[in-house]
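Asker: what would the 3D arrangement of this be:
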Amino acid sequence: MVEAVVHELMSRRRYLAVTGSAGLGAGRAVLGRPRSAAAAELRGADGISWPAGHALPTFAAPRHLDVVDPTGASADEQLMLTSLQGVVNRTRPRIYTLPVTSAEGPATWLNELGVPHTELAGTRAALAEYRAEVRGAVVHDPSIPATVNVATTLAGLLNGVVASAELAAHHGLPVLTDLRGRFATDLAAYTWAVDTLWPRASHRMLIGLGPNAFRHLRDYAVANRAMVVDLDTAVAGERALLVRLLADLPAPSPFLGVWPSGTHGEDDFVQLAAQNGVYVVAADSCDNLTVFGGVDAPVGTVQTAPPAPPLEDKVYVTLTMTDGDNLQFGQHRMRQAWDDPERGTAPLNWTVQPLAVDAAPSILAHYQTSASPNDCLVAGPSGAGYTFPSDWPAASLGRFTDLTARYTRRAGLPVQAVIDRRDRADTGLDAATASRYVHDVRPLGLLMNWTDHTATTVIAGDTPLSVSALVYSATEAIDVITSAYEKWNRSNGPLFLSIGLFAWNMGPADAAQIVRSLGPDYRVVRGDHYFTLARRHYGLPA
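Answerer: Residues are numbered from 1 along each chain as shown. A predicted model of the protein is given here:
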């Protein structure tokens, strides 16, 4: 059965419509054009477009959504539902799944989309409604976890759903291919997939998901015919496969999802990706990107900021919510914190993912249009995606900073956060990398790393950079700030302190507590005001 599938894949060429191998990327659309016009110009038969210069694809605009609540569904039913959603929404977004557990509430974003919707009675009803749009089932092997990801890749290539053998039989789905008994290990399954499926999958992105992540992001992988893996940099054979995949992607390209967990898994993975010109977009808990990617919204409509205060001999503090490189943070945890009634009582920066311009413009637009005068949206680290820029090949770093510049300008984000590490240790930007950010991205200022101290300097001759101390509570933030105050030499003029608030357990109430605790020698300010004042202090151009 698998050999028959391989033969079919080799004879089909429809996958070229989304890989960019033939035709896509040659269009005239550019990032700055109206999103709807760009999408209409390049959208193919699938309903997905990938205009030139865009980091992520645009889906067709949804006209009506069938809403499915997967609460109580088995893992296999959730797998079948999200893969069905990917196949169906590839043509036009029509299926929306309610998040089973979500910080913001299951229907919060749905109710704000402005798209008519009705509720279907579960997974069975969804399959019945859209049965004609899928060819059958790809059966995974319960004893080899990697086959869930291999089956997801195949489902995208074959217009099928991922299912257990029992579920496929229950729904009368023909089996397109059966992966049971085919592989002895996860590594064997992934090796086969890289050898056989990768040449036919999209080379515009790579997806990383644990095999037990059933509900999230798989619709996006299936719709884009992307390769899905879970390869550990600490395992020699898996690392070798990952390097093969990363090396095949054109720089810069996104890795969406998550890396395998481990003590140093994050640093090692992000560094390896950077060395191959690939940036990470954490998105493994994102829901319905195949819907949000088709809903147009007025991104870049930023509220007019109040004027910066006058420069005085004070201690200037800026507070930043830290996880904005993470698309799922913007969809879930950030919305919960954003709805805190204390938001707006204290100046607070919120890092956001610039690629939300493509992936979920309505989510980004919500934050921009509902921001208070004390809220400042800034670009999450390290621009277009999470990466360690000093690890990039010199020949391709400029392409990444150019991409970052286009997206931060389109999104209206004046301040850029950057994380840079080498061999698991925080580093500063070397001169060449700093120059790239300063002259390509041209930020008002850079927030550097989330580390154990804070200090402000000038890089590349004309841009302020603040190393940011990461804290986990308001009390810790107050301790860091007051400790720096005690060492402050007033004869040197104002002191600038950047504090990163650990976004998963801190929020507006903590920012308000910090502000209330500080005396008259302190000024807590927005990030754009912070760097405007730093520029005045250092005599830099505005």
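Asker: going forward, measure contacts and count neighbours with C-alpha atoms only.
Answerer: Fine.
Asker: so what's Leu79 up against?
Answerer: Shown in contact with Leu79 (CA atoms under 8 Å, 6 or more residues apart in numbering): Val161, Val162, Ala163, Phe214, Arg215.
Asker: ChimeraX command to pick out the buried ones of those?
Answerer: In ChimeraX, a selection of the buried entries from the contacts of Leu79 looks like this (16 or more other CA atoms under 10 Å):
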select :161,162,163,214,215
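Asker: which other helices and strands contact the helix or strand harbouring Phe269?
Answerer: Element membership for Phe269, per DSSP states H and E: helix 265-275. Counting contacts by 3 or more CA pairs under 8 Å, 6 or more residues apart in numbering; DSSP states H and E, helix 265-275 packs against strand 278-282, strand 421-422.
Asker: quick one: average confidence on the helix or strand following the first one?
Answerer: Per DSSP H and E, the first helix or strand lying C-terminal to strand 278-282 is helix 289-292. For helix 289-292, the per-residue pLDDT values average out at 98.
Asker: looking at the helices and strands packed on helix 265-275, which is buried most?
Answerer: Counting by mean count of other CA atoms under 10 Å, strand 278-282 has the highest mean neighbour count of the helices and strands packed on helix 265-275, with a mean of 26.
Asker: quick one: neighbours of His171, just the number.
Answerer: 14 (other CA atoms under 10 Å).
Asker: how close does it get to Asp178?
Answerer: His171 sits 16 Å away from Asp178, taking CA to CA, to the nearest Å as the criterion.
Asker: next one: Phe255
Answerer: In this view, Phe255 and Asp178 are 28 Å apart by CA to CA.
Asker: the more surrounded of those two?
Answerer: Taking neighbours as other CA under 10 Å, Phe255 and Asp178 compare with Phe255 leading, 24 against 20.
Asker: the host helix or strand of the more buried one vs helix 265-275, what angle?
Answerer: Using DSSP H and E, Phe255 sits in strand 253-257. If you take axes from the mean of the first three to the mean of the last three CA atoms, to 10 degrees, strand 253-257 sits at 160 degrees to helix 265-275.
Asker: now strand 253-257, how far from the centre of its chain.
Answerer: In terms of CA atoms, centre = their mean, to the nearest Å, the centre of strand 253-257 is set 8 Å apart from its chain centre.
Asker: pLDDT on it, on average?
Answerer: Average pLDDT, strand 253-257: 98.
Asker: and for stretch 93-104?
Answerer: For stretch 93-104, mean pLDDT rounds to 91.
Asker: touching the strand holding Phe255 from outside, list them.
Answerer: By CA under 8 Å, 6+ apart, strand 253-257 touches 55, 204-209, 217, 277-285, 385.
Asker: coming back round to it: want to throw the contacts of Leu79 into a markdown table with distance to Ala503?
Answerer: Converted to a markdown table, those look like this (distance: CA to CA, whole Å):
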| residue | distance to Ala503 |
| --- | --- |
| Val161 | 36 |
| Val162 | 34 |
| Ala163 | 36 |
| Phe214 | 25 |
| Arg215 | 23 |
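Asker: strands along the stretch 101-250 of the chain, start to end?
Answerer: 117-119, 137-139, 161-163, 175-178, 206-208, 228-229 (DSSP state E, counting those that start in this stretch).
Asker: direction included, what does the second one pair against?
Answerer: When you say that, I think you mean strand 137-139. strand 161-163 (parallel), strand 175-178 (parallel) (DSSP bridges).
Asker: run through who's touching that strand.
Answerer: 151-152, 154-155, 160-165, 168, 173-180.
Asker: quickly list the domain ranges of this protein.
Answerer: Domain ranges of the chain: 60-292, 315-538, per automatic domain parsing.
Asker: and the first one, how far apart are its ends?
Answerer: By that I understand domain 60-292. The straight-line separation of the ends of domain 60-292 (CA to CA) is 10 Å.
Asker: if I read this right, Ser498 contacts Val317, doesn't it?
Answerer: Yes: between Ser498 and Val317 there is a contact at 5.8 Å, judged by CA atoms under 8 Å.
Asker: by contact count, what packs against the helix or strand containing Asp402?
Answerer: Element membership for Asp402 (DSSP H and E) is helix 394-411. Helix 394-411 sits against helix 356-359, helix 431-436, with contacts defined as 3+ CA pairs under 8 Å, 6+ apart.
Asker: ranges for the strands of the stretch 301-450 of the chain?
Answerer: Using DSSP E, counting those that start in this stretch, strands in the stretch 301-450 of the chain cover 315-321, 348-352, 375-379, 415-418, 421-422, 425-426, 445-451.
Asker: put the alpha carbons of the second one into CSV.
Answerer: What that stands for is strand 348-352. Output of strand 348-352 as CSV, limited to C-alpha atoms (Å, rounded to 0.1, in the frame of the first residue of the first chain):
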residue,chain,number,x,y,z
LEU,A,348,3.3,48.2,29.7
ASN,A,349,4.9,46.9,26.5
TRP,A,350,3.5,43.8,24.8
THR,A,351,5.7,41.8,22.5
VAL,A,352,3.8,40.5,19.5
